[in-house]
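Student: structure of the sequence below:
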Amino acid sequence: MEKSGADEKILSFNDVVLRQSDLEILSGPNFLNDRIIEFYFSYLSSFYPAQDILLVPPSIAFWIMNCPVVESLKDFVEPLHLPDKKLIIFPVNDNEDVCKAEAGFHWSLLAFERNANVFVHHDSNRGMNKWHAKRLYKAVVGYMGVSDSASAPSYLECIDSPLQVNGYDCGLYVTAIARAICSWHNSGEDKEGDGLWYSSVKAQVTPSSVAEMRSEILSLIRNFMDTK
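Tutor: Numbers count the residues shown, from 1 in each chain. Next up is the predicted model:
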């Protein structure tokens, strides 16, 4: 049976497969799905190829947070080599049903910075995903490779994170904030200060810049399609 146009594969980028329906999501005011965020995270990983940065795909972040067998989580997390990373970025989704794909209603971002030994949660909807971000933090914090003599990484809710101005751009805020954090990490700025990337995020992630992200990601996909 011939696949519908919406299911047609249009691009394979690294390990991410995009379909025609993903272009349609980006063409209008729609909630981003896992594949689009995974594609952009994969693109950022190529743009910032430092070995000490890890952008975790949505499916892996979701499984870490919702793994039904805690004992098996170690075998799943260890291949990520989290102790070797100085910056780790997780997308957070409020879907709690492991049997249902793409069922959530909101995206946010949880970032770990090793020098500061802190997880920071950025939520564009005033902490709507706070419970889910803390759940992910508690699931992964024991695998960060912190020595026994050091304190465990702390959790911080960023109360000054940029806020979305509509009900569907949360995924775009995740991509924009991830880009700003990676740029900050790559800039060579002092990583020992208390400010971390906050000023960079505040300057770079605005309603207008986030609105442009939709067309930017769409153009990226089309450019990669043209070069295949």
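Student: next up, the contacts around residue 55.
Tutor: Residue 55 sits next to 41, 42, 44, 45, 88, 89, 178, 182 when contact means Cβ atoms under 8 Å, 6 or more residues apart in numbering. In this view, the C-beta of every residue, glycine as well, is placed from N, C-alpha and C.
Student: residue 213 now?
Tutor: Here residue 213 is in contact with 172, 175, 176 (criterion: Cβ under 8 Å, 6+ apart).
Student: got the contact list for the first one?
Tutor: Under the criterion of Cβ under 8 Å, 6+ apart, the contact list for residue 172 reads 32, 210, 211, 213, 214.
Student: name the residues of the host helix or strand of it that are buried.
Tutor: Here residue 172, judged by DSSP states H and E, is contained in helix 170-186. If you call a residue buried by 16 or more other Cβ atoms under 10 Å, then helix 170-186 has these buried ones: 170-185.
Student: what of stretch 215-222?
Tutor: By neighbour count on 16+ other Cβ under 10 Å, the buried set for stretch 215-222 is 216, 217, 218, 220, 221.
Student: just give me the closest of these to residue 201.
Tutor: When the buried residues of stretch 215-222 are ranked by distance to residue 201 (Cβ to Cβ), residue 216 comes first, at 17.1 Å.
Student: show me where this structure has its strands.
Tutor: Secondary structure of the chain by DSSP state E: the strands cover 9-13, 16-19, 53-55, 87-93, 107-113, 118-122, 154-157.
Student: coming back round to it: between the buried residues of helix 170-186, which is nearest residue 205?
Tutor: residue 176 (4.7 Å).
Student: for the closest one, give me its contacts.
Tutor: 162, 204, 205, 209, 210, 213.
Student: which residue is the nearest non-sequential neighbour of the first one?
Tutor: The spatially closest residue to residue 162, leaving aside those adjacent along the chain, is residue 205, at 4.4 Å (Cβ to Cβ, 6 or more residues apart in numbering).
Student: tell me if I'm right that the one you found and residue 163 touch.
Tutor: No - when contacts are counted by Cβ atoms under 8 Å, residue 205 is not listed as touching residue 163 (9.9 Å).
Student: ok, the two, which is more surrounded?
Tutor: residue 205 (24 against 12; other Cβ atoms under 10 Å).
Student: identify the residues contacting that one.
Tutor: 162, 173, 176, 177, 180.
Student: who touches the second one in this structure?
Tutor: Applying Cβ under 8 Å, 6+ apart, we find residue 173 in contact with 107, 109, 122, 124, 162, 164, 205, 210.
Student: rewinding a little: I'd like the contacts of residue 205 as a markdown table, with pLDDT and distance to residue 21 appended.
Tutor: A markdown table is the format used below for the contacts of residue 205 (pLDDT from 0 to 100; distance: Cβ to Cβ, whole Å):
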| residue | pLDDT | distance to residue 21 |
| --- | --- | --- |
| 162 | 97 | 28 |
| 173 | 98 | 22 |
| 176 | 98 | 22 |
| 177 | 98 | 25 |
| 180 | 98 | 28 |
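Student: quick one: list the elements packing against the helix-or-strand element of the chain with minimal mean pLDDT.
Tutor: None of the helices or strands of the chain scores lower by mean pLDDT, DSSP states H and E than helix 73-77, at a mean of 90. Helices and strands touching helix 73-77, by 3 or more Cβ pairs under 8 Å, 6 or more residues apart in numbering; DSSP states H and E, are helix 58-66.
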